[in-house]
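Trainee: Pasting the sequence and the predicted model now:
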Amino acid sequence: MFDTTLSEAVEAFLENFGKALEDGDIERATELFQEESYWRDLVSFTWNIKTLEGKEQVAEMLQRQLAPIRPHSWKLAEGEAPTEEDGIITAWIEFETAVARGYGLLRLKDGKVWTLLTTMAELKGHEEPRGFARPLGAKHGAGKNRESWREEREREEAELGYRSQPYCVIVGGGQGGIGLAARLRQLGVPTIVLEKNDRPGDSWRKRYKSLCLHDPVWYDHLPYLKFPDTWPVFSPKDKIGDWLEFYTKVMELNYWTRSTCKSARYDEAAKEWTVVVDRDGEEVVLRPRHLVLATGMSGKPNIPDFPGKERFRGDQHHSSQHPGPDAYRGKKCVVVGSNNSAHDIAAALWEQDADVTMVQRSPTHVVRSDTLMDLGLGALYSEQAVQNGITTEKADLIFASLPYAILHEFQIPLYEQMKERDKHFYEGLEKAGFMLDWGDDGSGLFMKYLRRGSGYYIDVGASQLIIDGEIKLARGQVTEIVEDGLVLEDGTKLDADLIVYATGYNSMNGWAAELIGQEVADRVGKCWGLGSDTTRDPGPGEGELRNMWRPTQQEALWFHGGNLHQSRHYSHFLALQLKARQEGIPTPVYGLQEVHHLA
Ligand SMILES: Cc1cc2nc3c(=O)[nH]c(=O)nc-3n(C[C@H](O)[C@H](O)[C@H](O)COP(=O)(O)OP(=O)(O)OC[C@H]3O[C@@H](n4cnc5c(N)ncnc54)[C@H](O)[C@@H]3O)c2cc1C
């Protein structure tokens with residue numbers, strides 16, 4: 001088919017669909033969906049992050065949302081031509097609602113919706129001051145005693161939180177809190193970020209010395225300000241720390257360092273939080289309308305309580321506290337766990353001539369970094385993708401347009417290719433006694449990340465050390481810690497001067513329990529995971545990541561986090577939800593998160 005024909009086909013579809021919606025004719029609108037179809041909405045229709053599966057769920061949503069949302073003006077996105085592959089027509093689209101402009105991606109099969117992504121791009125009347133609307137900066141003309149930019153900033157910093165209250169407080173100033181605060185600043189939402197560390201970026205700096213990002217630069221950009229073209233593909237952790245610090249300054253964030261959130265209470269009547277902060281020794285009480293916990297999905301260490309720990313005479317710590325290998329040259333080191341941190345730490349210890357044993361307790365998914373870049377991410381996040389016109393923003397939307405319910409179906413063939421490509425590598429690992437897995441359904445790394453946030457290693461070299469027997473391998477559960485080592489369930493004793501517990505992290509609602517109280521943490525329920533009914537992700541299916549970036553069962557409490565890609569992409573939608581509330585724009589939430597699991 002020629003492009004013009006494709007364009008006409010999509011335009012005709014959009015006209016039909018748009019007209020049915022404007023007429024309030026839900027039956028006609030849902031008739032335009034395939035029996036098996038997915039409509040993923042990021043805020044524009046549902047004021048939520050929600051996937052609707054099949055006609056019935058689409059109809060239910062429209063019954064509730066059509067009247068308040070009032071969608072209209074559906075069209076092909078400016079400058080974008082639809083494409084066709086394997087009978088699927090794909091088109092970038094634009095639309096409007098009563099209060100917002102939307103952008104989306106449509107996939108048609110036999111003239112009907114197979115997948116539809118609708119996203120809120122901006123709120124009408126509250127657009128970011130970009131392009132033609134960018135601020136002048138200078139104040140031309142003359143005026144007595146007028147403030148310079150610096151004086152204005154200093155005044156704002158001195159007053160916010162004392163003489164005036166922020167609308168939003170973000171607890172946690174890692175990349176998540178920083179990116180969200182940058183977006184809220186552009187939207188004019190007064191915000192304070194609380195960070196207990198001394199400097200922005202410290203959450204990366206404090207991690208083990210050898211750490212470099214596992215994801216490539218194209219995946220990692222922060223909102224508004226991309227890494228320069230000369231930036232390395234895999235950023236060393238201290239370099240990312242410095243970038244975050246610089247970003248915080250140039251994006252003019254109200255970022256309180258050495259500021260620990262001690263507690264937070266919500267007053268249902270006043271619709272206001274009371275947030276108690278220790279700001280460098282001084283108690284400050286903040287009263288925001290909204291509270292965002294950006295305290296890190298990999299922030300609350302899961303430290304196993306093995307019997308006998310107190311007896312151990314050497315050093316023992318969780319991977320998040322591991323200082324690096326320098327003090328352990330020539331020592332006997334045991335790393336409990338076999339995921340990313342365990343491998344990175346074990347390899348760095350080996351480089352310092354330590355005698356290293358990794359204790360593998362359950363099978364781990366391993367994928368070589370090069371292979372993952374080529375087959376897993378290359379089409380969307382790579383130099384080639386940039387050359388092909390796939391901007392970060394487009395890549396994020398394409399990624400978001402694949403509903404979680406069927407994402408594994410797209411992933412399985414990729415991981416089958418990886419298995420084939422690196423056949424000898426995997427044979428070597430198995431021969432060394434390493435227990436491998438590919439996820440319960442063979443869908444690999446990204447699904448494991450979404451489902452359970454753990455269970456994998458992106459190989460940057462440690463696997464070869466295991467294959468060569470340079471990093472020794474022990475298998476099974478730890479039953480006891482003794483004075484000079486640990487004992488496994490089969491009775492094996494491992495001598496150790498150092499034990500590193502690379503045992504992962506707990507659900508983010510643990511932060512809510514700590515700062516707000518167990519009752520609120522339980523009301524909100526588990527964070528993260530899709531309810532895929534696979535290992536460590538119990539059902540029922542949720543369709544979306546639990547509680548992330550969307551309204552929770554606790555009014556005015558939000559969770560933000562994830563990897564750099566997720567923090568960048570979803571902070572946009574969280575920021576719009578907060579801005580709408582600040583402006584008093586009605587935000588009728590459809591399908592509020594139900595709670596099936598507490599942690
Ligand atoms: C070893 C490791 C490697 C990783 N590699 C990658 C990678 O390659 N690519 C990628 O995209 N992601 C990676 N991640 C995952 C994720 O991107 C990082 O964990 C990232 O730091 C998450 O950012 P965040 O802002 O959500 O949380 P964090 O960076 O954990 O920030 C949370 C912040 O909250 C602060 N805080 C907590 N409680 C309070 C309180 N009560 N008051 C004030 N402040 C508080 C903490 O000090 C911390 O600075 C990795 C994670 C780990 C652990």
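Mentor: On my side now, so go ahead.
Trainee: got the phi/psi numbers for Gly125?
Mentor: phi 80, psi -10 (degrees, to the nearest 10).
Trainee: burial measure for it, as a count.
Mentor: Counted by other CB atoms under 10 Å, the residues lying close to Gly125 total 9. (C-beta placed from N, C-alpha, C; glycine too.)
Trainee: if I look at it, how far off is Lys579?
Mentor: Separation of Gly125 from Lys579 (CB to CB, to the nearest Å) stands at 11 Å.
Trainee: Quick one: list the elements packing against the least confident helix or strand in the chain by mean pLDDT.
Mentor: The helix or strand of the chain with the poorest confidence is helix 509-515; it has a mean of 91 (mean pLDDT, DSSP states H and E). Helix 509-515 sits against strand 259-267, strand 290-293, helix 518-524, with contacts defined as 3 or more CB pairs under 8 Å, 6 or more residues apart in numbering; DSSP states H and E.
Trainee: which one of the ones you listed has the most crowded surroundings?
Mentor: strand 290-293 (a mean of 27; mean count of other CB atoms under 10 Å).
Trainee: from the middle of its chain, how far away would that strand be?
Mentor: Here strand 290-293 is found 16 Å from its chain centre; the criterion is CA atoms, centre = their mean, to the nearest Å.
Trainee: which residues touch the residue nearest to Asp437 when sequence neighbours are not counted?
Mentor: Sequence neighbours aside, Pro363 is the residue nearest to Asp437 in space, at 3.8 Å (criterion: CB to CB, 6 or more residues apart in numbering). Neighbour list for Pro363: Met435, Leu436, Asp437 [criterion: CB atoms under 8 Å, 6 or more residues apart in numbering].
Trainee: Tell me where the stretch 451-599 of the chain has helices.
Mentor: 462-467, 509-515, 518-524, 564-582 (DSSP state H, counting those that start in this stretch).
Trainee: nearest to Gly378, of the ones you listed?
Mentor: helix 564-582 (14.5 Å; CB to CB).
Trainee: who's in contact with Ala59?
Mentor: Ile26, Glu27, Thr30.
Trainee: Most neighbours out of the contacts of Pro363, which is it?
Mentor: Result: Asp437 is most packed of these (other CB under 10 Å), 16 neighbours.
Trainee: Which part of the stretch 1-150 of the chain gets nearest to the ligand, residue-wise?
Mentor: Ile49 (17.0 Å; CB to the nearest ligand atom).
Trainee: give me the number of residues near that residue?
Mentor: 25.
Trainee: distance of it from Ala462?
Mentor: According to CB to CB, Ile49 and Ala462 sit 35 Å apart.
Trainee: can you check Arg207 too?
Mentor: 16 Å.
Trainee: All the strands of the stretch 51-200 of the chain, in order from the start?
Mentor: 72-76, 83-85, 88-96, 100-109, 112-123, 168-171, 191-194 (DSSP state E, counting those that start in this stretch).
Trainee: hang on, I meant the stretch 451-599 of the chain
Mentor: Assigned by DSSP E, counting those that start in this stretch, the stretch 451-599 of the chain shows strands spanning 456-459, 472-475, 478-482, 485-488, 493-495, 498-501, 557-559.
Trainee: Enumerate the positions of the third one that are buried.
Mentor: Counting neighbours by 16 or more other CB atoms under 10 Å, one finds that the buried residues in strand 478-482 are Val478, Ile481, Val482.
Trainee: so who does the second one touch?
Mentor: Shown here is Ile481, whose contacts under the criterion CB under 8 Å, 6+ apart are Phe306, Pro307, Gly308, Lys309, Arg311, Phe312, Gln316, Val487, Ile499.
Trainee: Most neighbours of all those residues, which one?
Mentor: Ile499 (23 neighbours).
Trainee: Which secondary structure state does the closest residue in space to it that isn't next to it in sequence sit in?
Mentor: Using CB to CB, 6+ apart and skipping residues adjacent in sequence, the residue nearest Ile499 is Gln316, 4.3 Å away. Under the three-state scheme (DSSP: H, G, I helix; E, B strand; the rest coil), Gln316 adopts strand.
Trainee: Can you tell me how far Gln316 is from Val356?
Mentor: 15 Å.
Trainee: got it, and Gly543?
Mentor: Gly543 is 42 Å from Val356, by CB to CB.
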